[in-house]
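1. Just need the structure, nothing else, for what follows:
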Amino acid sequence: MGIISLKNVNKYYKTGDNSFHALKDINLEIEEGEFVVILGKSGSGKSTLLNVIGGLDGYDSGDVIMEGFNYQNADDTLMSDLRCRKIGFVFQAYNLIPVLNVYENITFPVNINGGKIDKEYIANIIKELGLEGKEMSFPNQLSGGQQQRVAIARALANKPKIVLADEPTGNLDTAISSDVIELLTHGVKEYGHTLVMITHDPDIAQYADRVVTIEDGRIV
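-> Modelled structure (predicted):
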């Protein structure tokens with residue numbers, strides 16, 4: 001069994017009397033240390049799939065298992081604890097906290113989880129991501145590429161087992177996008193993370209160990 005296993009997972013969105021079948025019998029195994037790209041058009045279900053893997057969204061049937069822990073057995077508190085300890089998130093919109101400086105944004109997941117900051121590890125991430133000298137800057141003082149680097153550093157701060165990236169280059173130009181992808185894949189090799197990235201850009205697939213394509217809520 002991989003680090004993450006999805007078995008016959010189904011997800012519905014319900015609005016009044018209407019129901020939309022967003023994920024249809026998803027079966028997916030992701031191995032530890034693997035870089036998997038989930039490729040699909042807008043509306044295909046790829047963001048829903050990533051949110052289910054990350055425990056941000058519930059699902060209606062099937063099993064999602066991380067390292068032997070079945071999400072079906074978890075309440076909100078347990079899922080929140082799992083996300084804090086084992087999952088790092090990188091979003092297209094960065095989602096940095098504007099009143100915190102770069103260093104505070106990066107270490108926020110460690111602090112909110114009551115953990116101890118590994119200063120040497122954080123300093124190494126900051127160096128690897130080219131953020132030295134920016135530690136005291138605030139998000140509105142950074143370029144888009146720099147903000148995404150901070151978001152990546154924040155995702156890595158808790159030494160997660162798995163990093164989930166949702167269209168992390170969607171707001172960046174081509175040159176900066178390549179840098180961001182290389183930084184994320186470097187994290188897989190340097191720190192042994194498992195990386196799952198969703199995108200609609202087939203050019204990003206060349207960096208992956210494996211590409212999973214989703215159409216109309218199904219893996220094809």
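2. I'd like to know how many residues surround F69.
-> Residues near F69, counting by other Cβ atoms under 10 Å, number 14. Every C-beta, even on glycine, is put in place using the N, C-alpha and C of the backbone.
3. Now it. Nearest residue, chain neighbours left out?
-> Take F69 and drop its neighbours on the chain: the residue closest to it by Cβ to Cβ, 6 or more residues apart in numbering is L82, 7.0 Å away.
4. Isn't that neighbour up against E67?
-> No. Using Cβ atoms under 8 Å, L82 is not in contact with E67, being 9.7 Å away.
5. ok, the two, which is more surrounded?
-> Applying other Cβ under 10 Å to L82 and E67 shows that L82 carries more neighbours, namely 18 against 14.
6. In terms of helices and strands, where is the more buried one?
-> Element membership for L82 (DSSP states H and E) is helix 76-86.
7. where's that helix relative to the chain centroid, distance-wise?
-> 14 Å (Cα atoms, centre = their mean, to the nearest Å).
8. what's the following helix or strand after that helix?
-> Later in the chain than helix 76-86, the nearest helix or strand by DSSP H and E is strand 87-91.
9. Flag every buried residue along that next one.
-> Residues 87-91 are the ones in strand 87-91 that count as buried (16 or more other Cβ atoms under 10 Å).
10. Beyond it, next helix or strand please.
-> Sequence-wise, the next helix or strand downstream of strand 87-91 (DSSP H and E) is helix 102-112.
11. just checking, what packs against that following helix?
-> Applying 3 or more Cβ pairs under 8 Å, 6 or more residues apart in numbering; DSSP states H and E, we find helix 102-112 packed against helix 119-128, helix 144-156.
12. Summarise which helices and strands the longest one is packed against.
-> Looking back up the chat, that one is helix 144-156. For helix 144-156, the elements it packs on are strand 87-91, helix 102-112, helix 119-128, strand 162-166, helix 174-191, judged by 3+ Cβ pairs under 8 Å, 6+ apart.
13. now the angle from that helix to helix 102-112?
-> Here helix 144-156 runs at an angle of 20 degrees relative to helix 102-112 (axes from the mean of the first three to the mean of the last three Cα atoms, to 10 degrees).
14. now do the shortest one
-> Note on geometry: by the same axes, to 10 degrees, helix 119-128 and helix 102-112 are set 140 degrees apart in direction.
15. Give me the residues contacting helix 119-128.
-> The contact list for helix 119-128 (Cβ atoms under 8 Å, 6 or more residues apart in numbering) reads 103, 106-107, 132, 135, 153, 156-157, 159, 183, 186, 190.
16. Show me just the buried residues among the residues you listed.
-> Restricting the contacts of helix 119-128 to buried positions leaves 103, 106-107, 135, 153, 156-157, 159, 183, with burial counted as 16+ other Cβ under 10 Å.
17. Out of the helices and strands packed on helix 102-112, which one sits most buried?
-> helix 144-156 (a mean of 23; mean count of other Cβ atoms under 10 Å).
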